[in-house]
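Visitor: From the sequence below, what's the structure:
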Amino acid sequence: MPLLENRTALVVGGTGGIGRAIAAAYAREGAEVVVADRAEAAVRIDVTDEDSVRAAVEEANRRLGRIDVLVNSAGILTESPLTEMSAQTWAETIAVDLTGVFLCCRHVVPGMVERGFGRVVNIASQLGIKGGRGLAHYSAAKAGVLGLTKSLALEVADRGVLVNAIAPGPIETPMVAGITEEWKVAKRAELPLGRFGTPEEVAPAAVLLASDPGGNLFVGQTLGPNSGDVMP
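Guide: Next comes the predicted model:
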């Protein structure tokens, strides 16, 4: 039997990279999936704008009937030393990578609580645990996602809603393609596996967290498909 049969899922940031791989994996496992993204997608969304988030969630609910699983995978990644970083660059990253997760949870989780069931999977990063040179804004946002995940998990676990995070290491995605080759070469040399991962190697963790019984005991946890970059 498919692991996600009769489940519905909203994958935010699902047109490329990790989000796309998760949406495809969910569909293969029997879930009915709606993809929301600022790019061309089933549902358009700007995660920095609450009205856009509200409208996208309403449309997803209309199409699916309900949202059993929310995946927050929208994100941006730029590189800048903190001492040279503009306030705008900082604010843009926090708005997409952290506030966007808050807004999507804020407008999806109440329905899960009302029904007594839900799974939330927030895509963070190992940089939220260890930090990264030139990536203070991104690392801070992803650390915030981990704190949000734990806090929300504490608030809603006893009402049937399980909230967890995945903190991948460097993954071969269009987002990482914008980082300098010098950074990527140095990063590969640090990794015990000696290579970056692929989105398809991250997606199974998201399937696990959404599944029954596989995901039933994960509450406020962070799974780390990271090529050995972080060993908590």
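Visitor: Go through the longest helix that the chain contains and flag the buried ones.
Guide: Counting by DSSP state H, the longest helix found in the chain is helix 136-156. For helix 136-156, the neighbour count (16 or more other Cβ atoms under 10 Å) marks 136-146, 148-150, 152-153, 156 as buried. Bear in mind the C-beta positions are built from the backbone N, C-alpha and C, glycine included.
Visitor: Please report the distance of the most centrally placed residue in the chain from residue 101.
Guide: In the chain, the centroid-proximal residue (Cα atoms, centre = their mean) is residue 123; its distance is 2.3 Å. The gap separating residue 123 from residue 101 is 9 Å, by Cβ to Cβ, to the nearest Å.
Visitor: what residues do those two have in common as contacts?
Guide: Overlap of the contact sets of residue 123 and residue 101 (by Cβ atoms under 8 Å, 6 or more residues apart in numbering) consists of 72, 145.
Visitor: got the CA coordinates for the longest helix of the chain in CSV?
Guide: Output of helix 136-156 as CSV, limited to C-alpha atoms (Å, rounded to 0.1, in the frame of the first residue of the first chain):
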residue,chain,number,x,y,z
ALA,A,136,24.7,34.9,8.5
HIS,A,137,21.3,36.0,7.2
TYR,A,138,20.4,32.5,5.8
SER,A,139,21.8,30.7,8.9
ALA,A,140,19.8,33.0,11.2
ALA,A,141,16.6,32.4,9.2
LYS,A,142,17.0,28.7,9.3
ALA,A,143,17.9,28.7,13.0
GLY,A,144,14.6,30.5,13.4
VAL,A,145,12.8,27.8,11.5
LEU,A,146,14.2,25.2,13.9
GLY,A,147,13.0,27.2,16.9
LEU,A,148,9.6,27.8,15.3
THR,A,149,9.3,24.1,14.6
LYS,A,150,10.0,23.1,18.2
SER,A,151,7.7,25.8,19.7
LEU,A,152,4.8,25.0,17.4
ALA,A,153,5.2,21.3,18.0
LEU,A,154,4.9,21.8,21.7
GLU,A,155,1.7,23.8,21.1
VAL,A,156,-0.2,21.4,18.9
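Visitor: Can you pull out the residues in contact with the helix or strand that that helix is followed by?
Guide: The helix or strand immediately downstream of helix 136-156 is strand 161-166, counting by DSSP states H and E. If you take Cβ under 8 Å, 6+ apart as the criterion, strand 161-166 is touched by 105, 109, 112-113, 117-124, 145-146, 149, 152-153, 156-157, 202, 205-206, 209, 215-216, 218-225.
Visitor: From the residues you listed, keep the buried residues only.
Guide: Buried among those by 16+ other Cβ under 10 Å: 105, 109, 112, 117-124, 145-146, 149, 152-153, 156, 202, 205-206, 209, 215, 218-225.
Visitor: Among these, which are located in strands?
Guide: Taking DSSP state E as the definition of strands, these contribute 118-123, 222-223.
Visitor: ok, those vs residue 7, which is closest?
Guide: Of all those, residue 119 has the smallest distance to residue 7: 8.3 Å, by Cβ to Cβ.
Visitor: and the closest one, what is it in contact with?
Guide: Residue 119 touches 68-70, 161-164, 209-210, 215, counting by Cβ under 8 Å, 6+ apart.
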